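Trainee: when you get a sec, could you give me coordinates for this:
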Amino acid sequence: MTGPKGPGPGSGSGYAVGGRLVLTSAHVTGPAGTRVKVFHPGAGGDAGGTVVWAGTPGGRDDAGLVLVDDSPHWRPPTAPIVWGRPD
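Mentor: All right, here's what the predicted structure looks like:
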């Protein structure tokens, strides 16, 4: 994922959490409403997306949620998302 140019690193990783939603870090995305590019490593092309929620960059809630545009370059998850379970 690449974010806006600014004080942050400008790129980072994310995790597809279903459909067109990607969970990433707020220090990568910028505030809600920011446009970003999302890509699959090793695949060609990228898709645009919009930050729909962002916590505090560098804070305890340093997370962001991106809604990916409808694009042929976006591949949504094909298996159910597994968050974990207590033993």
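Trainee: ranges for the helices of this protein?
Mentor: 26-29 (DSSP state H).
Trainee: what is the residue nearest to the spatial centre of it paired to in the beta sheet?
Mentor: The centre of the chain sits closest to V22, judged by Cα atoms, centre = their mean, with a distance of 3.9 Å. Legend: beta-bridge partners of V22 under DSSP bridges are A16, V66.
Trainee: what sits against it?
Mentor: Residues near V22 by Cβ atoms under 8 Å, 6 or more residues apart in numbering: M1, G14, Y15, A16, V38, G49, L65, V66, V68. Heads up, the C-betas are built off the backbone N, CA and C, glycines and all.
Trainee: at 7 Å what do you get?
Mentor: M1, G14, Y15, A16, V38, G49, V66, V68 (Cβ atoms under 7 Å, 6 or more residues apart in numbering).
Trainee: out of those residues, which are buried?
Mentor: M1, G14, A16, V38, G49, V66, V68 (16 or more other Cβ atoms under 10 Å).
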